[in-house]
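**Q** pasted the sequence and its predicted model underneath.
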Amino acid sequence: MKQGVNHIDVSSLDDIVHRTRPNACHLFWRAPVVYMARKLYMYSQPSPHETPSRGPRISIVCISDTHNTQPVLPHGDVLIHAGDLTQSGSFSELQTTLDWLQSQPHAHKIVVAGNHDLLRDSSRDKIHNAARERLRWGDIIYLQDSSTTIHVVSPGTSESRAIKVHGSPRTPWNGNWAFQYTRADDVWGGTIPEDTDVLITHGPPRAHLDLLNLGCGHLLRELWRVRPRLHVFGHVHEGHGTEWVRFDGLQEAYERAVVCSGGLGNLGVVMWEFGTLLVNAAVVGGLRDLEMRAPVKVYI
């Protein structure tokens, strides 16, 4: 090797572009304790697409991270979009997505922004205030660290249920995007009303549908305090899916194992309790976000 020349052995571009996702063996050797904690915790999971109902059943269609795509949506009483409607956050992108959402037949449509929806963050973009005001929302309810109560009438009945929904676009800092905070800052403590039925955040709580390390621990603590019926989020595309959290000893031990890489001895069988249904509704995913996932439809 010539003096002053660094030789770097790298994979070819083709290897990088077409790399496969890590298999179970790779995940185990990367973090054995965390891997086993996750396996034991998920082994106790029930079928997670319906929460115990306290009245007429309500269907909720959940999407997130559409990034300018327009997936075919199933029918439902409520449509929730958990942020990243756009790719670059421009006015034209955002208005196009809002027009598409307004055209959907769902009686209630509720949206939060995501880190890609730059136009919505007035704290980082004061130049485009006029453009922000020109957005046409129609019948869409936009939540930004705020709450709303909707009254949902179930099809074929005259009964209605009042559902309180709280939404926030915040995510931990990762690049120069919108609505971000440093991981050390607790922006969640005491901010979500205790009577919230449905929580919508752009980012996930720590250790749940977040690839085990990308979610927010402060949001997780707030989730334990409020315990809504349903929590919809996205942001971490590869965390797509559903999961029950039951706020019991098993969950606590699992979360401790993930966060601290320990605590397996505390994992055990516990009594069943009704809890919160988590939904990571990211629509796009895979390498370069070329994979499209179906919307998630749940019932509460």
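**A** Sure, I can see it.
**Q** ok, now which ones touch the most centrally placed residue in the chain?
**A** Nearest to the centroid of the C-alpha atoms of the chain, with distances taken as Cα atoms, centre = their mean, sits residue 233, at 1.8 Å. Residue 233 makes contacts with 64, 82, 200-205, 209, 278-281, as judged by Cβ atoms under 8 Å, 6 or more residues apart in numbering. In this view, the C-beta of every residue, glycine as well, is placed from N, C-alpha and C.
**Q** residue 84 versus that one, what's the distance?
**A** Separation of residue 233 from residue 84 (Cβ to Cβ, to the nearest Å) stands at 11 Å.
**Q** likewise for residue 157?
**A** Distance from residue 157 to residue 84, counting by Cβ to Cβ: 35 Å.
**Q** so which of the two has more stuff around it?
**A** residue 84 (30 against 10; other Cβ atoms under 10 Å).
**Q** now that one. Nearest residue, chain neighbours left out?
**A** The spatially closest residue to residue 84, leaving aside those adjacent along the chain, is residue 114, at 3.4 Å (Cβ to Cβ, 6 or more residues apart in numbering).
**Q** low-scoring stretches of the stretch 1-150 of the chain, by residue?
**A** The stretch 1-150 of the chain contains residues with pLDDT under 70 at 1-23, 27, 33, 40, 42-55.
**Q** related to what we said a few turns ago, mark which of the contacts of residue 233 are part of strands, please.
**A** Here DSSP state E is the test, and the contacts of residue 233 give 200-201, 278-280 as lying in strands.
**Q** export these to CSV and tack on pLDDT, distance to residue 127 and neighbour count?
**A** Formatted as CSV, the ones in strands among the contacts of residue 233 follow (pLDDT from 0 to 100; distance: Cβ to Cβ, whole Å; neighbours: other Cβ atoms under 10 Å):
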residue, pLDDT, distance to residue 127, neighbour count
200, 98, 28, 28
201, 98, 27, 30
278, 91, 37, 24
279, 93, 35, 29
280, 94, 33, 30
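**Q** go through the residues you listed and name the one nearest residue 181.
**A** Residue 181 lies nearest to residue 201 out of the ones in strands among the contacts of residue 233, by Cβ to Cβ, at 12.3 Å.
**Q** okay, now the residue nearest to residue 285 when sequence neighbours are not counted: neighbour count?
**A** Once flanking residues are discounted, residue 285 sits nearest to residue 237: 4.0 Å by Cβ to Cβ, 6+ apart. Per other Cβ under 10 Å, the neighbour tally for residue 237 reads 20.
**Q** what do you get for residue 194?
**A** Neighbours of residue 194 using other Cβ under 10 Å come to 9.
**Q** quick one, phi psi at the residue found closest to it once you drop the neighbours it is linked to in the chain?
**A** Spatial nearest neighbour of residue 194, chain neighbours left out: residue 226 (5.8 Å); criterion: Cβ to Cβ, 6+ apart. Per-residue torsions, residue 226: phi -90, psi -40 (degrees, to the nearest 10).
**Q** any idea how far residue 226 lies from residue 91?
**A** Counting by Cβ to Cβ, the gap from residue 226 to residue 91 is 34 Å.
**Q** which one's more surrounded, those two?
**A** Neighbour count, other Cβ under 10 Å: between residue 226 and residue 91, residue 226 has more, with 18 against 15.
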